[in-house]
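A.B. asks: Need the 3D shape of this:
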Amino acid sequence: MDFLTKHYEKLILLACLLCLIVSIFAAISGVSKEDKKLAKQIDSAKVMVSGDKILPPLDLSRVHTVEASLRDPRLQINITEATLDAKKGNLLQSKRYIICKNPQCGNLLHVSSDKCSFCGTDQDQYKDTMPEDDTDNDGIPDLIEKKYAHFLNYLDPYDAFFDEDGDGFLNIEEYQAGTDMANPEDFPPLALLLRVQNVAKVRLPFVVHRVRTLDSELKSDWKVEFTVAGSAQRPAARIGEEIVAGFKVSSINDAKDLIGVESREGKRYNMRIGETAEEDTPTAAMLFLASRERGGRIMRVIRKVGEEFYLEKERAGMPYREHYRIIAGTSREDLKVAQLDQARGEVIAEFEIRTLDVKRDFIPQVDGARRGGSVSGEYGEGRRAIRGMR
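C.D. replies: The predicted structure follows:
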């Protein structure tokens, strides 16, 4: 007992040491068995693959077919058109990547990236785009839309018909004219905002009703009565006197059935009693798109061929004016105007005026449409016509 009392600590330590040794041997034995088992499985797999045995068929019952995937109500898959620059691509168009041109970086970047987001190295511009590419068929090439990527998208067919800088011209119009789509101070000629409404020879606004001699043999005493459109009164005028504004009686024949009328411009018309007469020069009625919003301001510009007019808008907070002259036109299909260097000046450019196209001449009514700017002319506010310069 004295021995145990004196050496019990050593005996306990010895017992723990024996337990530790037994545990180590047990662990080593277990690992060895697992290694042998794993080696046996590897050898068995090698024999099965390298041999002539046929592997068991793959169970396809748990794999969804394409048809089943498309019919799955839990899925929403875009297969009809490309998603606008989708982060993960789409079913028909995968996301395209390039490797950073810095050999020390080598990270993947989207194909349209101009600069590596990891190392800051500038990348080649538009690596996979040709000058003629226009993916969304909006009239603006992909190269241009990628250049102005902050407001244009090469997959959005509507963005060409927005007005990014608010100068009154659509993006497609500025691209075609070669002006800066993002600069409100740089815009095309204002003639591009004109749309022809009608071109025709206008009837004189009056008809000869009768000639009154007043019992005089002198033609200078005779009075010609006229029926004026829109008036219940019948004004009467002697030779040299005004009938209505811009027209006067110039002659009366002896038979008193043919009356000569002269316009302010010196044009002469022979009018018979009860018959209408047309002006010799066609008159053009045009629409001036003072706003590119549907339902916005649209002004009418009315001029005869050969007459001048001006259009006006603001530039840098100041009135900006351009002078024009109608140089030709007999119908809606052949109306032409010329831009002048100043009022009654020299021709510097010619424009064919087309008819209004509601779908292409106004900002589309879709979410995100940008507001267009307004322009004005010599007509002031509201909807009213601009008559010829006198």
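A.B. asks: Nearest to the spatial middle of the protein, which residue is it?
C.D. replies: Nearest to the centroid of the C-alpha atoms of the chain, with distances taken as C-alpha atoms, centre = their mean, sits Phe161, at 1.4 Å.
A.B. asks: quick one, what contacts it?
C.D. replies: 138, 170-172, 360, 362-364 (C-beta atoms under 8 Å, 6 or more residues apart in numbering). In short, each C-beta sits where N, CA and C put it, glycine included.
A.B. asks: before we move on, what about Lys336?
C.D. replies: 326-329, 350-353.
A.B. asks: Kindly report the same for Cys119.
C.D. replies: 100, 102, 104-105, 107.
A.B. asks: In ChimeraX, how would I select the buried members of those residues?
C.D. replies: Buried residues within the contacts of Cys119, by 16 or more other C-beta atoms under 10 Å, are selected in ChimeraX with:
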select :100
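A.B. asks: now, the most widely separated pair of the contacts of Cys119?
C.D. replies: Greatest spatial distance in the contacts of Cys119: Gln104 and Asn107, 10.4 Å, computed using C-beta to C-beta.
A.B. asks: Quick one: the helices in the stretch 51-200 of the chain, in order.
C.D. replies: 66-71, 142-147, 171-177 (DSSP state H, counting those that start in this stretch).
A.B. asks: most packed of those?
C.D. replies: helix 171-177 (a mean of 20; mean count of other C-beta atoms under 10 Å).
A.B. asks: out of the contacts of Lys336, which one sits closest to Leu287?
C.D. replies: Nearest member of the contacts of Lys336 to Leu287, counting by C-beta to C-beta, is Ile353, at 9.6 Å.
A.B. asks: Check the gap between that closest one and Leu192 for me.
C.D. replies: 9 Å (C-beta to C-beta, to the nearest Å).
A.B. asks: Met130 too?
C.D. replies: Taken as C-beta to C-beta, the span from Met130 to Leu192 is 28 Å.
A.B. asks: if you count what's nearby, which of those two comes out ahead?
C.D. replies: Leu192 (19 against 10; other C-beta atoms under 10 Å).
A.B. asks: Which residues are in contact with the more buried one?
C.D. replies: Contacts for Leu192 were tallied using C-beta under 8 Å, 6+ apart; they are 169, 173, 177, 351.
A.B. asks: Find me the pLDDT at it, would you?
C.D. replies: What the model reports for Leu192 is a pLDDT of 96.
A.B. asks: do Gly296 as well
C.D. replies: 85.
A.B. asks: What's the local residue count around it?
C.D. replies: Neighbour tally, Gly296, other C-beta under 10 Å: 14.
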